[in-house]
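Engineer: Provided below are the primary sequence and the corresponding predicted coordinates.
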Amino acid sequence: MPTRSAFSSGVFLKLRRRIRFFSPYKNSIFVLFVLGFLSSLFFLAGPYLSRLYIDTSFLKRDLPQFIRLSIVGIVLFLFSTLSGTAEDIIKNRTLIKIKLGLAHTFIRKLYAHDLAYLQSKSVGETIYRISNVETVARFIGEEIPRVLVDSCRLCIILGITLFMDFRLTIALVFLSPLFLIRGLYLRKKTQPIFSEIWKSNARLTKRLQESLSKMQIIKALRLELFQRHAYIRLLIENIRLTIKGFRWFIINSLSTTFLAKAVYGLISLFGGWFIIKGELTLGRYTAVMLYVAQAGTLLSSLSHRFEYFVQQGVTLDKFFEVIDSRPRIVDAPGAVRLGPFKKEIVSCDVAFGYEPGKQVFSRLSVSFPAGKWVGIVGPSGCGKTTLVNLILRLYEPQAGTITIDGLEVRQAKLDSLRERIAAACQEPLLFDFSIRENICLGLMHVSEGELEEVISIIQAGEFIRQLPDGPDTAIGENAHCLSQGYKQRLALARAVIRKPDILILDEATSSIDSATETKILQALKTKRSGQTTIVISHRLSTIKNADAIYFFNPRGEIETGPHEGLLAKSPDYKGFFQDQL
């Protein structure tokens, strides 16, 4: 169990980290603070003007003094109004800049993370975290300056009342800690509730995102009622937590109101006693009580903001979980750019597992020569796709090395490594763009000739010409208007148009009919003659004509050779393909 000192140290480190993160926005916060303070000058000066009105103008029936005070009041009012307007305009512009900066920082950090980190978080939760950027921006651009203004106003009020009557000020200072004690108690009680509410909101977003993205299977299996009930159960849980939090909000509101009125009442009785004794003028008493009322309002405001800070502290924690986390797959110090692929890819004693204690590989050693059409085949779960992911550095080996032309992939710059390799997988993963945009994704300059060439390779020219806008036809979310086979063809074209040194096809034609697949592979062989292509497939027709085939047998061994040679020497290989006949 952590000690109190350890807990305090953790809180201090967290606070220091947040202050350091907010430091780039210190100028914006300072400007908003100054404008907020200037806009409150009228309210700060109002009680003191009231005292002057009563003691030096009303009671003495001094008209010139009345006029002078009125002019001062009008000037202060206009100045405060103009400052408030300027504050609103600058605040709006500042909030936009802060939101843009936070969103850029968050998205940049999110995309920098490795695949394992991203897969450990649900898409719904990640979307909910991104939506919190708006809350964090308002926290920086609105709440922090307002707390600073209110705190400054409170200190000035205490200073003025101390000057006007130190006895009433001491009474106010003596009673003020009651607000702090109440706030600390409520923080202890409400922070766990707000944390649960955040998690519940994230679960709701996750459930909704999963349901909407899998609507086809929900309809096909008649799961509408099941999904609806599951969502309603989560919603009811969320409402219960919200009600629980609302109860504490009511307690906070009532206790704040009671304390503010009690403090005001006690000080007003105390001040009235001094008036009766003749130790305090009516003007001073009126001004002090107006300042006390303002102080009570500020203390109430700070108290409510304290609760808001506790609530948003959970949001900030979730935001900083992403900002503070460090990507595990990054460029190593002294990393170099990977040159054109000329020799071989070598895996030496590689060990890897997605979960502790469950190894996919224990000591994998294999090499793929450059300039060849290489086939990889084996039963499901033997590690074929995992090897591709390790070559691309989507994951890191737990032991051993992978080299390309003698350079260990961890010593190559990530962008240069993935620039040399392009992969098309079984799941096409297309975007809600046009066909052209999906094929040319991320490429700035692609000629019509290059686009037509890859469309011809994937045997989709006639189909695309029949579409309303040809290659500029939008395909919708997840390409819902295309068959799985055409989705795979577009994903294949997206990889081929990049002209990679190493092209990896991981079951990339599994949903394409055999006749069309044969034409596509033949066109690819012609296009990529002398270049490296690695084909992973369960289909005999897909890999039998490869220059070299790597068979991952059930015992974890790798057998290598051409198709006919493996049939002759490997009973496992022969049995694997006989099952397809």
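Structural biologist: Happy to help now that I have it.
Engineer: residues near Ser120, how many?
Structural biologist: Neighbour count of Ser120, defined by other CB atoms under 10 Å: 9. In this view, the C-beta of every residue, glycine as well, is placed from N, C-alpha and C.
Engineer: same thing with the one 5 residues further on?
Structural biologist: Counted with other CB under 10 Å, residues neighbouring Glu125 total 17.
Engineer: report the contact partners of Leu451.
Structural biologist: Shown in contact with Leu451 (CB atoms under 8 Å, 6 or more residues apart in numbering): Arg436, Ile439, Cys440, Pro471, Ile497.
Engineer: please read the previous query as pertaining to Leu259.
Structural biologist: Applying CB under 8 Å, 6+ apart, the residues near Leu259 are Leu178, Phe179, Arg182, Leu299.
Engineer: now do 7 Å
Structural biologist: Leu178, Phe179, Arg182 (CB atoms under 7 Å, 6 or more residues apart in numbering).
Engineer: which stretches of this structure have low pLDDT?
Structural biologist: Across the chain, the ranges flagged by pLDDT under 70 are 1-15, 17, 216-217, 219-221, 300, 303-304, 306-307, 310-311, 579-581.
Engineer: and the strands in it?
Structural biologist: Per DSSP state E, the chain carries strands over the ranges 344-352, 361-369, 373-377, 399-404, 407-408, 421-425, 502-506, 532-536, 548-552, 558-561.
Engineer: against Asp55, how distant is Phe77?
Structural biologist: 21 Å (CB to CB, to the nearest Å).
Engineer: buried residues, stretch 416-434. List them.
Structural biologist: If you call a residue buried by 16 or more other CB atoms under 10 Å, then stretch 416-434 has these buried ones: 417-418, 420-426, 428, 430, 433-434.
Engineer: please apply the same query to stretch 388-408.
Structural biologist: 388-393, 395, 397, 400, 402-405.
Engineer: redo those as JSON lines? Include distance to Phe361.
Structural biologist: Below are the buried residues of stretch 388-408 laid out as JSON lines (distance: CB to CB, whole Å):
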{"residue": "Val388", "distance to Phe361": "13"}
{"residue": "Asn389", "distance to Phe361": "12"}
{"residue": "Leu390", "distance to Phe361": "9"}
{"residue": "Ile391", "distance to Phe361": "13"}
{"residue": "Leu392", "distance to Phe361": "16"}
{"residue": "Arg393", "distance to Phe361": "16"}
{"residue": "Tyr395", "distance to Phe361": "11"}
{"residue": "Pro397", "distance to Phe361": "8"}
{"residue": "Gly400", "distance to Phe361": "8"}
{"residue": "Ile402", "distance to Phe361": "11"}
{"residue": "Thr403", "distance to Phe361": "16"}
{"residue": "Ile404", "distance to Phe361": "18"}
{"residue": "Asp405", "distance to Phe361": "22"}
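Engineer: which one of these is nearest to Glu224?
Structural biologist: If you rank the buried residues of stretch 388-408 by distance to Glu224 using CB to CB, Asn389 comes first, at 35.8 Å.
Engineer: what sits closest to that closest one if chain neighbours are left out?
Structural biologist: Distances taken as CB to CB, 6 or more residues apart in numbering place Tyr395 nearest to Asn389, at 5.2 Å, with adjacent residues excluded.
Engineer: that neighbour and Leu387 touch, don't they?
Structural biologist: No: using CB atoms under 7 Å as the test, Tyr395 is too far from Leu387 to be in contact (10.3 Å).
Engineer: Leu38: neighbour count?
Structural biologist: Counted with other CB under 10 Å, residues neighbouring Leu38 total 17.
Engineer: which residue is the nearest non-sequential neighbour of it?
Structural biologist: Ser83 (3.8 Å).
Engineer: how about the contacts made by that neighbour?
Structural biologist: For Ser83, the contact set (CB under 7 Å, 6+ apart) comprises Leu35, Leu38, Ser39.
Engineer: what's the answer for Thr401, then?
Structural biologist: Here Thr401 is in contact with Cys348, Glu408 (CB under 7 Å, 6+ apart).
Engineer: again, but for Ala332
Structural biologist: Ala332 sits in contact with Arg410, Gln411, where contact means CB under 7 Å, 6+ apart.
Engineer: just read off the phi/psi values of it.
Structural biologist: Main-chain torsions, Ala332, degrees, to the nearest 10: phi -70, psi 150.
Engineer: gap between it and Ala491?
Structural biologist: From Ala332 across to Ala491, the span is 31 Å (CB to CB).
Engineer: do the same with Gln459
Structural biologist: 14 Å.
Engineer: mind listing what the nearest residue to Thr135 once chain neighbours are set aside touches?
Structural biologist: Nearest residue to Thr135 in three dimensions, chain neighbours excluded: Thr315, at 5.2 Å (CB to CB, 6+ apart). When contacts are counted by CB under 7 Å, 6+ apart, Thr315 touches Asn132, Thr135, Val136, Trp198.
Engineer: Phe320 - how many residues pack around it?
Structural biologist: With other CB under 10 Å as criterion, Phe320 counts 15.
Engineer: the one 5 residues further on now?
Structural biologist: Summarising burial for Ser325: neighbours were counted as other CB under 10 Å, giving 13.
Engineer: likewise for Asn238?
Structural biologist: The burial count for Asn238: 17, using other CB under 10 Å.
Engineer: gap between the closest residue to it other than its chain neighbours and Glu237?
Structural biologist: Leaving out its chain neighbours, the residue that sits closest to Asn238 by CB to CB, 6+ apart is Ser200, at 4.3 Å. Distance from Ser200 to Glu237, counting by CB to CB: 6 Å.
Engineer: now do the helices in the stretch 51-200 of the chain.
Structural biologist: Taking DSSP state H, counting those that start in this stretch as the criterion, the stretch 51-200 of the chain carries its helices at 63-112, 115-120, 123-131, 133-138, 144-164, 166-175, 177-213.
Engineer: residues making contact with stretch 550-561?
Structural biologist: 366, 374-379, 382-384, 548-549, 566, 570, 572-573.
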